[in-house]
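Enquirer: Need coordinates for the below:
(2 chains)
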Amino acid sequence: MGIIEGMASGFSQSISFAVFPYLFVGSLFGLIIGVIPGLSGHFAMAMAVTFLYTMEPSAGIAFLLGAHATVAQGGGLTAILFSTPGTGQNAATLLDGPPMRDKGQAGLAVGAAMASCFLGATFGAVVLAILIPILREVVLFFGPPEVFVLAFLALTFVAVLGKEDMTRSLIAAMLGLLLAMIGVDNVTNTARFTFGSERLADGLSLVPVILGLFAVAEMIDLWVRGGSLAKEMPKALSARETQKQIFQGIGLAFKHWWLVMRCSAIGTAMGLIPGLGSAPAAFVAYGHAKQSSKDKDSFGSGNVKGVIGPEAANDAVEGGALASTLAFGIPGSSSMAILLSGLFILGLETGPKMLNSQVDLVFIMIFTIILGNLIGTVFGMFLVNPLSRATSIRAGVMVPLLTVVIVTGAFAGDRAVFDIGVAIVFGILGYAMKVLNYSRAALLIGFVLGFAVEKNLYLALLLDGPYFILQPIPLGLTVVTVVFLGFNIWTIYRDRKRFVA
Amino acid sequence: MRRTFLKGAAAALMATTMLGTAGTAVAQEDAESFYDGKSIRWIVPYNPGGGYDEYSRVLAPYFEKYSGARVDIVNLPGSGGMRGAVEIFNSPADGLTVGIINGSAMVTNQLADIEGADYRVGEYSYLGRIVADRRVFVAGTASGIESFEQLQSDGETAVVGATGLGGSTYVDAVIVGDVFGMDQNVVHGFNSSGDIRTAMLRGDVTAMWGSIGSAIEGVEAGDHKIILHGEREPAGMLEGIPSVWDLAAEAEDSERATAVLEAWDALSAVGRPVAGPPGIPEDRLDFLQSAFEQAMNDPEFVADAEAASRDLSYASGDDMNGIARAATELPEDIEQLFVSAIRGEI
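Expert: Numbering: from 1, shown residues only, chains lettered A, B, ... in the order given. Prediction:
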């Protein structure tokens, strides 16, 4: 089947009566799972898999991937309205989303986020489609040396993340790296920082850590402060006003189309790299949006570009992440592992067979990502009004309610009571960091990337020896990293001098 | 105050007695009527989406059909499958909790006395085995290696990829390498076997060990080639490929080689069994075993598993007892070899 033919067939199947209803239900399901803090795309897919046994392959694919595609959109809603990341991917949205809500621009932020998600997802899906003929070569481009340097490059973005000062950001990032070391190291089989606890031997799970750092910390803050989530807006926005803002927000995303494109490219590229995950992509995109902006100072206090960047990137990741799964049947993330087993259940094989003879199925995936996000955007808008009303509920009611949801979310991932404890401990840490003005985003990015940096450095050293860094691609990337860091240090130095003068 | 306490104590005592009598009454009941309409907790010690989860979910409806009970699948990931295995081992022995375990890994962890291995593989109440873990050694197409003989004689050190220290990809490589005195460099630390496959495609790694189920797809796609395997009676795609037994027969110390490989094979034979805690009442265990046997042999189930390209090799609960014991009771010197392999000391 040729590519054009496959595309046409994929599209007509996606909108056919046999497939579209599944795509629709899957997308709504994903959106709702995304809204609930702690439940991620991974969870949505795992639930969806159980329904696959009786489905036709094309319907099953649309259902499964639809449920995964819209999760980040739902999560963005929660991040902006409740200062609680709905999924790990939305942690970067917390930097500018909630400040916009506090300024009474919740609708604007949500509209921009939704539209960016849709545009980002479309970008990622289109890139995937373009790459189909050379997909295998692209995926094999990244070996341990390349991934190590790229992860390290992503790590240096902590320097520009927050509005906090650089020293504090570095301290937080280092703490994150240390936290990533917890657990039994499967290279040396040594238990690190486990204090003899068996549960710590697996390391800390990402979901309870994120929930703790951001969601629980926010609850503590709200409890201490009293009032309601929407600080300076004692009265909820009227439905009409919100609706107007949403459309304005959508307009803003289109107005900043060039930023959306660049951040989507970052997301897609990072999705292609195995083992990096989508949370770092959003942070790197945020860093890029801030770095390339003329009004850097307004980032962190409600700049819409700080919402558009990460939301575009975290949905663009999908297209990239699908690449290695499709090209080789090798999953790049836990969600992709579930997708792969879902495809097995449907009796499908990935790899060259699918790329050559069942390319229409690949296009069903591509169109599912695009259409799913479109559905997510439309229905997400309906969710905004009731949800944004909830933000003006007073703390005495809001805190217990959200805490129940958060605790359930922390438990649900691994069904572990231990994880509730992790969320609470990180909640206290997160609150302390917030009060003392340390960047929680920097800690998180250190935590997510620590594992990838260490593992790939080890493998690169074993496979290619200490001079792996001198290979052309790693060397080029290292130069970029050094230049980037140097530029940042220079900017800080210049600003300080100007400030003194 | 004191009076209420006494009252409470008396009530508690009565309740216990009543529960006790109820317990004996239940045990006398026919196992079939006991399970009718009950729900069985089926533990999967890994996240949804993996092979263990998939086997369980495909099998569950058939197990329901023959047992009359409802099956609730509970995913309890953690400690490389040990968390779930321990949970099954310590559940009440009422026959209402069972689960699938990663037999081979649980045996090696127990032998090496790894922290958290708080179970005894030889003591579970086995319902039977879903599949044995058939191991194959594959070489990446990028390496240009066509056969095991070529790998041995090309004068270059083979780079063999492995996941964690003590994981099965690692133990296989080290044990078989030791038996045949292979010139190899085992690079471990890959995140998953998928990552090793990627490295093999890039040409960073020459070869790797894995289960036949996970190798099939790559063989069909031409990504890698099976050059050695552990089957005594190779069939299908393994035909014409030398097995470790063929090589052992020609090895210098053929007797030792065979002895070590037999222990290695016993590990693979444990495979993926379904088990309950020790001490399930006999009538209930018999009932569960026969329901499991019927489910595993249901033609529709076999077709479902085939559609999902999942291998099956049923063994009965009684056979599993023997298999589990054989794998955990190794001769002293061979056990020592395995323990040092698992701990990464070779």
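Enquirer: Which stretches in the chain count as strands?
Expert: Assuming you mean chain A. In chain A, strands defined by DSSP state E lie at A:183-185, A:190-192, listed in chain order.
Enquirer: Sorry, I should have been clearer: chain B.
Expert: Assignment of strands within chain B using DSSP E yields the ranges B:39-44, B:70-75, B:97-100, B:125-131, B:135-140, B:158-162, B:184-188, B:207-211, B:224-229, B:272-276, B:315-316.
Enquirer: what's the second one in contact with?
Expert: By Cβ atoms under 8 Å, 6 or more residues apart in numbering or on different chains, the residues outside strand B:70-75 that reach it are A:46, A:415, B:37-44, B:46-48, B:53, B:56-57, B:60-61, B:63-64. Yep, even glycine has a C-beta here, placed from its N, CA and C like the rest.
Enquirer: again, only using 10 Å
Expert: For strand B:70-75, contacts defined as Cβ atoms under 10 Å, 6 or more residues apart in numbering or on different chains pick out A:46, A:50, A:413-415, B:35, B:37-50, B:52-53, B:56-57, B:59-64, B:84, B:87, B:96-100.
Enquirer: among these, which ones are buried?
Expert: By the neighbour-count criterion of 16 or more other Cβ atoms under 10 Å in any protein chain shown, the contacts of strand B:70-75 include these buried positions: A:46, A:413-414, B:35, B:40, B:42-50, B:52-53, B:56-57, B:59-60, B:62-64, B:84, B:87, B:96-100.
Enquirer: How many residues are close by residue 259?
Expert: Since you didn't name a chain, this refers to chain A. 20 (other Cβ atoms under 10 Å in any protein chain shown).
Enquirer: Correction: the question concerned chain B.
Expert: B:A259 is surrounded by 18 other residues when neighbours are defined as other Cβ under 10 Å.
Enquirer: and B:I227, what is it in contact with?
Expert: Counting by Cβ under 10 Å, 6+ apart, B:I227 has contacts B:136-139, B:145-152, B:207, B:241-242.
Enquirer: Now narrow those to whatever sits close to chain A.
Expert: Among the contacts of B:I227, not one lies near chain A by Cβ under 10 Å from any Cβ of the partner chain.
Enquirer: So which residues on the stretch 51-200 of chain A come close to chain B?
Expert: Along the stretch 51-200 of chain A, the residues adjacent to chain B under the rule Cβ under 10 Å from any Cβ are A:52-53, A:136, A:139-145, A:184-191, A:194, A:196-199.
Enquirer: Buried ones from the residues you listed, can you make that a PyMOL selection?
Expert: Typed into PyMOL, the line below selects the buried ones among those, using 16+ other Cβ under 10 Å:
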select buried, chain A and resi 52+136+139+140+142+143+144+145+184+185+186+187+189+191+194+198+199
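Enquirer: I figured B:I114 hits B:V86, correct?
Expert: No: at 11.9 Å, B:I114 and B:V86 do not qualify as touching, with contact defined as Cβ atoms under 10 Å.
Enquirer: what sits in contact with each of those two?
Expert: Looking at what touches both B:I114 and B:V86 (by Cβ under 10 Å, 6+ apart), the common residues are B:S79.
Enquirer: just to revisit the earlier point, so can I have a markdown table of the strands of chain B showing mean pLDDT and distance to A:T78?
Expert: Putting the strands of chain B into a markdown table (pLDDT from 0 to 100; distance: least, Cβ to Cβ, whole Å) gives the following:
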| stretch | mean pLDDT | distance to A:T78 |
| --- | --- | --- |
| strand B:39-44 | 93 | 29 |
| strand B:70-75 | 88 | 24 |
| strand B:97-100 | 94 | 34 |
| strand B:125-131 | 93 | 40 |
| strand B:135-140 | 92 | 44 |
| strand B:158-162 | 92 | 40 |
| strand B:184-188 | 90 | 40 |
| strand B:207-211 | 91 | 40 |
| strand B:224-229 | 92 | 44 |
| strand B:272-276 | 94 | 39 |
| strand B:315-316 | 92 | 49 |
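Enquirer: so which of the ones you listed gets nearest A:I369?
Expert: Shortest separation from A:I369 across the strands of chain B is recorded for strand B:70-75, at 26.4 Å, computed as Cβ to Cβ.
Enquirer: What strands line up against that closest one, and which way round?
Expert: Based on DSSP bridges, the strands next to strand B:70-75 in the sheet, each with its direction, are strand B:39-44 (parallel).
Enquirer: Just the C-alpha atoms of the partner strand, please, in CSV.
Expert: Listed next in CSV are the C-alpha coordinates belonging to strand B:39-44 (Å, rounded to 0.1, in the frame of the first residue of the first chain):
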residue,chain,number,x,y,z
SER,B,39,-14.7,-13.3,43.4
ILE,B,40,-11.1,-14.4,43.1
ARG,B,41,-8.3,-11.8,43.5
TRP,B,42,-5.8,-12.5,40.7
ILE,B,43,-2.6,-10.7,41.3
VAL,B,44,-0.3,-9.6,38.4
